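In: Fold the following, please.
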Amino acid sequence: MKGDLFSSEHVVGPAVEPGMSVENAKCIKYAVNGEMYARQGAMIAHRGALQFERKGQGVGGMLKRAVTGEGLPLMAVRGQGEVWFAHEAQNCFVVEVEPGDLFTVNGRNVLCFDPSLSYEIKTVKGAGVAGGGLFNSVFSGHGRLGLVCEGNPLVIPVSEQYPVYVDTDAVVGWTARLQTSLHRSQSFGSMLRGGSGEAVQLMLQGEGFVVVRPSEATPQKAQQH
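Out: Now for the predicted structure:
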C-alpha cells in the first residue's frame, strides 16, 4: 500500500514510555502498564493485553458515581498495552497536574486520566439551582489529565484587577486560586431580538487562568454530555 494515508504523519509508532501522550490533534494515546481511567465510549482502538470495566459507581472507592453531577460514566482500563481515546473529533490536550495543584474542569471535557489523580465532585460556588446546578470536578494529586474541547480553547489570565466573565456553557475549567460567583447581565441575544432577558455568566476572581472553548454548548450537545 502506498499513498499519503500510509505516511509517517498517520501511521502510529510504538509507545516510547508508559502513560498519556497526544497522538494527534484529535486523539490521545495511553500506554497502559497497570491501570488508568477514561470516559466510557471514548476508546477508539487498542492493542495488547487489556481489560475494560465499566465503573459508574466507583473504582476502589476513589471514583465516586461519575466525574460530574450529570453522571458521566467512567471505565477502568487494566493490563499492558496501548489504547487510543477520542470524542466526536474534538481537539485533545494534556494537562500536567503537579503536587499542590487543583484544577477544576467540566465533566464534558474529561477524556482520560492517570490513576494517581483524585477528584471531588463539587457544585460551583455561587451557581446553585438558579445557575442550572453547575457540577465540576476538582482534580488533585500528581499526574496527567486528558481533555477534549470543541475547537482551540482560549486560556485567559485572571488577576485581582481584572476578573473574567465567562458563559457557563463555554467554560472548560480553571486553576486553583480563583473564586467563582454568578453575574447576571443583559444578554446580547435578547437585545438583538428586542427582548429584556438576562444572561448568566460565571465571574472568576483572583490569580490564575480560566480555559474557555470558542463556542457555547447547544441544548442538544449539553444533553448528550
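
In: which stretches of the protein have low pLDDT?
Out: 2, 5-10, 56-72, 125-135, 185-199, 216-225 (pLDDT under 70).

In: hey, where'd the helices end up in it?
Out: 188-193, 219-224 (DSSP state H).

In: Tell me how far Pro99 lies from Ser116.
Out: From Pro99 over to Ser116 the distance is 10 Å, taken as CB to CB, to the nearest Å. Using the backbone N, CA and C atoms, a C-beta is placed for each residue, glycine as well.

In: An error on my part: the question was meant for Val83.
Out: When distance is defined by CB to CB, Val83 is 18 Å away from Ser116.

In: These two - which one has more neighbours?
Out: The neighbour comparison of Val83 against Ser116 (other CB atoms under 10 Å) goes to Val83, with 23 against 11.

In: I'd like to know how many residues surround the closest residue to the more buried one other than its chain neighbours.
Out: Counting by CB to CB, 6 or more residues apart in numbering, Val83 lies nearest to His46, which is 4.0 Å off, once chain neighbours are set aside. Neighbourhood size, His46 [other CB under 10 Å]: 17.

In: can you check the one 3 residues further on too?
Out: One way to gauge burial is a neighbour count; for Ala49, by other CB under 10 Å, it gives 9.

In: which residues sit in contact with it?
Out: By CB atoms under 8 Å, 6 or more residues apart in numbering, Ala49 lies in contact with 79-81.

In: Look up how far Val11 lies from it.
Out: Distance, Ala49 to Val11, using CB to CB: 23 Å.

In: Pull up the gap between the nearest residue to Asn33 once chain neighbours are set aside and Gln80, please.
Out: Distances taken as CB to CB, 6+ apart put Pro18 closest to Asn33, at 4.2 Å, once the chain neighbours are dropped. Here Pro18 is placed at a distance of 9 Å from Gln80 (CB to CB).

In: Between these two, which contacts overlap?
Out: Shared contacts of Pro18 and Gln80 (CB under 8 Å, 6+ apart): 32-33.

In: Beta-bridge partners for Val32, please?
Out: Beta bridges link Val32 to Gly81, judged by DSSP bridges.
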